[in-house]
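[1] Build me a model:
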Amino acid sequence: MSSLIAWILRAIPFGTIIMYGALGETITEKSGNLNLGVPGIMYLGGFAGFASAYYYENTVAEPVAILSILLALVSALAASALGGLIYAFLTITLRANQNVTGLALTTFGMGVANFFGVFILDGATYSAAPLANKAFAARIPVLSGLGAAGQLLFSYGFLVYAAILLAVALHWFFTRTRTGLNLRAVGENPATADAAGINVTRYKYLATCAGAAICGLGGLYYVLDYNQGIWATTEQIQALGWLALALVIFTTWKPLNAIWGAYLFGILYWLYQFLPSILGISVSSAMTDLVQMVPYVVTILVLIFVSMRRKKEDQPPAHLGLAYFREER
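    This next block holds a predicted model:
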C-alpha cells in the first residue's frame, strides 16, 4: 500500500508539468499553429522564474515568500510569452515553416537559459532558491494530514490544483464562449473565419503567446517545486516538453482529457520504479529503458486508433501547421 501511495505521489507532480505544456500547446494548436518549440519555451519559463526568485532571495535582507512567488510567476509568464511572440512573428507575419521554426525555438530556448544560467551557477553544479521552493511546494494545512486520502489529495503545491482548474476553464472557454468558438474557427478554416469578420492574425498571435505563457508554467513548476527549487543545466525539462507534445495528441486536443491523461502518463513513466516492488519482482536495466517508452507507445496507439475511427471531434484542427495567405482566400 505504501508503495502504491508513493507511486501516485510521484506521478501527480510529474503529470502536472506536462499538463501545463499540453494545455498551452492545445491553445496554440486550436488557432492552427503547430509550435514544436514547447520544450524550449518550458526551459525559458523555468529559468526566468528561478532566476528572479534566486536573485530576490540573495539581494533582499528579509525576502517575503509571497513576493518570491509573484516574481517567479510574472517572470516565467513574460519570458515564455516572449518565446511565443518570436514564434508567432516568424510563422504568422513572415510565414516561415512552422515545424522548422518550432524546432529552432527549442534549441534557442535551451541555449538562452543555459547561457544565462552559467552566471547563476558560477562554476557550481547547481544553485537553489529554498524560499521559493518552500512557498511553491507548501501543502494544504490540516487536510494533507488526514490519513491516506489527505496525503493523496492535498499533498501538493498550489500549481497542481491551478493546472486542474485551468483545464476546466479552457474546456468552458472553447465550448461556451464566443471568443473560444472564434479561435476554433480560425484553426479549422481561417479563410471562412476571415470572411466572417474575425481577425485571424490577432487570434493567432494571442493564442500562440498565451499558449506559450502557460507552457512556461510547466517549466517553472518543474524547477521550483518538482526539482526542489534547484537549477542545474540538465535536459530533463526538454524531455518533459516532448512528452507534453505527445500528450496533446493523446488527449485529442481536449483540455479535460489532459487532466487524467497527464496523470496516466505520470503513472506509466514511473512504472519501472514502483511496479517491481509492488509485484515483488526484479527488472533489468534494459527492461527499465523499455518501460519508460510506454507513454510514447500509448500515444502512437491512440493516434492510430483515432485515425482509424475518423471522428471529426477527435481530429486536429483542419488548418494545423499551415500558413494562412489572405490573398488566396
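[2] elements contacting the helix or strand hosting Ala53?
    Secondary structure from DSSP states H and E places Ala53 in helix 38-59. Applying 3 or more Cβ pairs under 8 Å, 6 or more residues apart in numbering; DSSP states H and E, one finds that helix 38-59 contacts helix 2-30, helix 65-88, helix 98-121, helix 130-136, helix 200-221, strand 230-231, helix 236-250. To be clear about C-beta, it is placed using only N, CA and C from the backbone, and glycine gets the same treatment.
[3] just the ones you listed: most buried one?
    helix 200-221 (a mean of 26; mean count of other Cβ atoms under 10 Å).
[4] Check which helices and strands it sits against.
    Against helix 200-221 (3+ Cβ pairs under 8 Å, 6+ apart) you get helix 2-30, helix 38-59, helix 65-88, helix 158-176, helix 178-188, helix 190-195, helix 236-250.
[5] List the buried residues in stretch 164-184.
    164, 166-167, 170-171, 173-174, 180, 182-184 (16 or more other Cβ atoms under 10 Å).
[6] Pick out the most distant pair among those residues.
    Pairwise distances among these were taken by Cβ to Cβ; the largest, 25.7 Å, belongs to Ile164 and Asn182.
[7] nearest to Gly266, of the buried residues of stretch 164-184?
    Nearest member of the buried residues of stretch 164-184 to Gly266, counting by Cβ to Cβ, is Ile164, at 13.6 Å.
[8] and the residue lying closest to the closest one once chain neighbours are set aside, what helix or strand is that in?
    Leaving aside its sequence neighbours, Ile164 sits nearest to Ile259 (Cβ to Cβ, 6 or more residues apart in numbering; 5.8 Å). Here Ile259, judged by DSSP H and E, is contained in helix 255-269.
[9] Now that helix: average pLDDT?
    Average pLDDT, helix 255-269: 91.
[10] in that helix, what counts as buried?
    255-259, 261-269.
[11] looking at it, Ala48 is touching Ala76, isn't it?
    Yes. The criterion here is Cβ atoms under 8 Å, and Ala48 meets it with Ala76 at 5.3 Å.
[12] Spatially, what comes nearest to Ile198 if we skip its sequence neighbours?
    In space, and not counting its chain neighbours, Ile198 is closest to Asn182: 5.1 Å by Cβ to Cβ, 6+ apart.
[13] Quick check: the one you found vs Thr208, distance?
    Distance from Asn182 to Thr208, counting by Cβ to Cβ, to the nearest Å: 15 Å.
[14] Same question for Ala148.
    Between Ala148 and Thr208 the computed distance is 42 Å (Cβ to Cβ).
[15] same deal with Pro317?
    Here the criterion is Cβ to Cβ. By it, Pro317 lies 13 Å from Thr208.
[16] Now list whatever residues contact both of those two.
    Here Pro317 and Thr208 have Ser31 as joint contacts, going by Cβ atoms under 8 Å, 6 or more residues apart in numbering.
[17] Find residues that contact each of Ala48 and Ala76.
    With Cβ under 8 Å, 6+ apart, Ala48 and Ala76 have common neighbours Gly216.
[18] hang on, the earlier thing: could the buried residues of stretch 164-184 go into JSON lines alongside distance to Tyr43?
    Compiled in JSON lines, the buried residues of stretch 164-184 are given as follows (distance: Cβ to Cβ, whole Å):
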{"residue": "Ile164", "distance to Tyr43": "24"}
{"residue": "Leu166", "distance to Tyr43": "20"}
{"residue": "Ala167", "distance to Tyr43": "23"}
{"residue": "Leu170", "distance to Tyr43": "23"}
{"residue": "His171", "distance to Tyr43": "28"}
{"residue": "Phe173", "distance to Tyr43": "27"}
{"residue": "Phe174", "distance to Tyr43": "27"}
{"residue": "Gly180", "distance to Tyr43": "29"}
{"residue": "Asn182", "distance to Tyr43": "31"}
{"residue": "Leu183", "distance to Tyr43": "26"}
{"residue": "Arg184", "distance to Tyr43": "29"}
